[in-house]
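Novice: this one's sequence-less:
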């Protein structure tokens, strides 16, 4: 696979030297293998170390010291590194992401309900039938 971009990894391990060896090993493995699908990634790195949270693939690296957030494009043979986090940074990012999803869901749900009421859809009281 073609990994884009190693620069993010280098910047991360400059701050977190304990992750350098593990990130270099991950990078080397990712470049060497053309992953077919998520199951192939899990078979390579271990099922407990890889998770799919659309659109991202989350990969635990270095005994869970850091987490890679990547987008895998299997047909194009590309891995796009979106974020590199320590475990604690990932937890904060994930909480924020979930809050954003919840707010978006509430916004969409509220707009849908308002639209339904305005259009007189289900939920509106029906007039009684005349005899």
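Specialist: Perfect, I can see it now. In this text the structure is predicted, and so the values were computed from the model without any measurement.

Novice: Only the buried residues of stretch 9-29, if you could.
Specialist: Buried residues in stretch 9-29, defined by neighbour count with 16 or more other CB atoms under 10 Å: 9, 12-13, 16, 19, 22-23, 26-27. Heads up, the C-betas are built off the backbone N, CA and C, glycines and all.

Novice: Kindly report the same for stretch 45-54.
Specialist: Buried residues in stretch 45-54, defined by neighbour count with 16+ other CB under 10 Å: 45, 49-50.

Novice: I'd like those written out as CSV, with secondary structure and distance to residue 89 added.
Specialist: Output for those, formatted as CSV (DSSP: H, G, I helix; E, B strand; the rest coil; distance: CB to CB, whole Å):
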residue, secondary structure, distance to residue 89
45, helix, 20
49, helix, 17
50, strand, 19
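
Novice: tell me the strands in this structure, going along the chain?
Specialist: For the chain, strands defined by DSSP state E occupy the ranges 2-4, 50-53, 56-61, 66-73, 78-86.

Novice: about what we covered before: next, give me the two most distant ones among the buried residues of stretch 9-29.
Specialist: 16 and 27 (14.9 Å; CB to CB).

Novice: so where's the longest helix in this protein?
Specialist: Determined from DSSP state H, the single longest helix within the chain is helix 87-119.

Novice: I'd like the average pLDDT over stretch 90-102.
Specialist: For stretch 90-102, the mean pLDDT works out to 77.

Novice: list the buried ones in it?
Specialist: So stretch 90-102, judged by 16+ other CB under 10 Å, has buried residues residue 90.

Novice: residue ranges with poor pLDDT in this structure?
Specialist: For the chain, applying pLDDT under 70 flags the ranges 100-102, 104-105, 107, 110-112, 121-131.
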